[in-house]
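Engineer: pasting the structure only:
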């Protein structure tokens, strides 16, 4: 079963990488680029299991390894 | 208008970062983690414009800056 995890910086955390890309896009002539935020997309292939079990495992993986929950938040979808 | 861009490695490209995380998850006792692939989630805030114009601009930004189209592929959604 496929799971997509989206890890992004919490809104209160500044994103220098995003700001740099915003500057580069503007310099290249793209107008109206008001903000850019960079996050991680983590695609997991897990062995088949009941959805509730998958949810529990994914949340634990996020809390313990995939996201730094001090500065990051995460969402996920089980496909 | 908000645009989410998902940049991932082409399937034929190996992903050492993903493999390392897969190993770490398995070592931490998570069973059945068959594969892990890491990509980028880029959240753009663009000034309002017709959807066709937004699509054209986003595709150009992806081709020229946001994705390395030699090894990466991208998808996006306009929210």
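Structural biologist: Okay, I see it. These numbers were taken from a predicted model, which means no experiment stands behind them.
Engineer: and the closest residue to residue A:71 other than its chain neighbours, how many neighbours?
Structural biologist: Counting by Cβ to Cβ, 6 or more residues apart in numbering or on different chains, residue A:13 is the residue found nearest to residue A:71 once chain neighbours are left out, at 5.0 Å. C-betas here are computed from N, CA, C, even on glycine. Neighbours of residue A:13 under the rule other Cβ atoms under 10 Å in any protein chain shown: 12.
Engineer: quick one: residue A:13 from chain B, how far?
Structural biologist: Distance of residue A:13 to chain B, given as Cβ to the nearest Cβ, to the nearest Å: 13 Å.
Engineer: For residue B:1, see how far away that residue is.
Structural biologist: Separation of residue A:13 from residue B:1 (Cβ to Cβ, to the nearest Å) stands at 23 Å.
Engineer: which secondary structure elements does the top strand by length along chain A contact?
Structural biologist: Determined from DSSP state E, the single longest strand within chain A is strand A:33-46. Counting contacts by 3 or more Cβ pairs under 8 Å, 6 or more residues apart in numbering or on different chains; DSSP states H and E, strand A:33-46 packs against strand A:2-9, helix A:16-27, helix A:51-61, strand B:2-9, helix B:16-27, strand B:33-46.
Engineer: out of those, nearest to residue B:60?
Structural biologist: helix A:16-27 (9.9 Å; Cβ to Cβ).
Engineer: average pLDDT across the closest one?
Structural biologist: Averaged across helix A:16-27, pLDDT comes to 98.
Engineer: ok now that helix, how far from the chain's centre?
Structural biologist: 19 Å (Cα atoms, centre = their mean, to the nearest Å).
Engineer: hmm, that helix touching chain B?
Structural biologist: Yes: Helix A:16-27 reaches chain B (Cβ under 8 Å from any Cβ of the partner chain) through A:18, A:21, A:24-25.
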